[in-house]
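J.: need a structure here:
(3 chains)
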Amino acid sequence: MTTTRRQFTEEELAVDPVDAAKLLLGCVLEADTPDGPVGVRLVEVEAYRGGDDPASHCYRGRTSRNDVMFGPPGFLYVYFVYGMHYCANIVCLTDGVPGAVLVRAGEVVTGLDIAHKLRPSARSDAELAKGPARLTSTLSLTREDNGVNLLRPDSPVRLLASDPVPLETIHAGPRVGVATAMDRPWRFWIDSPAVSTYRRGGKRR
DNA sequence: CACTTGATGTCCT
DNA sequence: GGACATCAAGTGT
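T.: Numbers count the residues shown, from 1 in each chain, chains lettered A, B, ... in the order given. Reported below is the predicted structural model:
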């Protein structure tokens, strides 16, 4: 595939998370791990908004954890869950308005050997970044990467754009592990063995 | 200050 | 298909 890889601009990401999510499919998230650079082509993402989105970390306002989501677009929001996992989001919309896209899964396109070294439990290439916590683990992202600017070429974590994937190849469905807002199909993916398996959210109304 | 619960992965049956 | 690990943020007392 001869897709164009370039840095995103702030304007491109200053849009609604639902639109940004589709725009991000096919793009590459690249990080400098301790063992070298690893790049992941995004094949599955989810949109999260603010006060009108019960599933969002920003639903109940600005806190120290979700602060980055309220900031300008193009920054990385990393959070810790389940006592052992990190998940990463790409912040969109404008400064002061919360919104982000959770990167759920991707295909390792650069640094494949390094990725396997970082995640010995992965028994195939597809498993390396099949799921949000696996993806962040493969890119060696931690709490320290929270708030990193993805739009600078000299940044330790970078977002590289691609030509938009054809709209008809994008699938949509409810977000994984979310029991609220089932009527909002804000999970988007393109066909790939790395797409994570769907599971319904826990008990909530 | 105590209690609850995750935007999950892994291993077990 | 299901249990369970493991802890910080968020919420309430």
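J.: Partner strands of the helix or strand hosting A:Ala172 and their direction?
T.: Take DSSP states H and E as the rule and A:Ala172 turns out to sit in strand A:171-173. Using DSSP bridges, strand A:171-173 pairs in its sheet with strand A:187-189 (antiparallel).
J.: Other residues contacting the strand it pairs with?
T.: Contacting residues not belonging to strand A:187-189 are listed as A:21-22, A:25, A:43-47, A:104-105, A:170-176, A:195 [Cβ atoms under 8 Å, 6 or more residues apart in numbering]. Backbone N, C-alpha and C define where each C-beta goes, glycine included.
J.: at contact distance from DNA strand B, anything in that strand?
T.: No - applying Cβ under 7 Å from any atom of the strand, one finds strand A:187-189 separated from DNA strand B by no less than 9.9 Å.
J.: Over to stretch A:15-30?
T.: No - Stretch A:15-30 lies out of reach of DNA strand B by Cβ under 7 Å from any atom of the strand, never closer than 9.4 Å.
J.: Break down chain A into its strands, ranges please.
T.: A:6-7, A:28-33, A:36-48, A:76-81, A:85-91, A:100-110, A:157-161, A:171-173, A:187-189 (DSSP state E).
J.: List only those of the contacts of strand A:187-189 flagged as buried.
T.: Among the contacts of strand A:187-189, those scoring as buried are A:21-22, A:25, A:43-47, A:104-105, A:170, A:174-176, A:195 (criterion: 16 or more other Cβ atoms under 10 Å).
J.: Contact partners for A:Arg184?
T.: A:Arg184 neighbours (Cβ under 8 Å, 6+ apart): A:53, A:174-175.
J.: sorry, that was for A:Lys22
T.: A:164-165, A:167, A:170, A:188.
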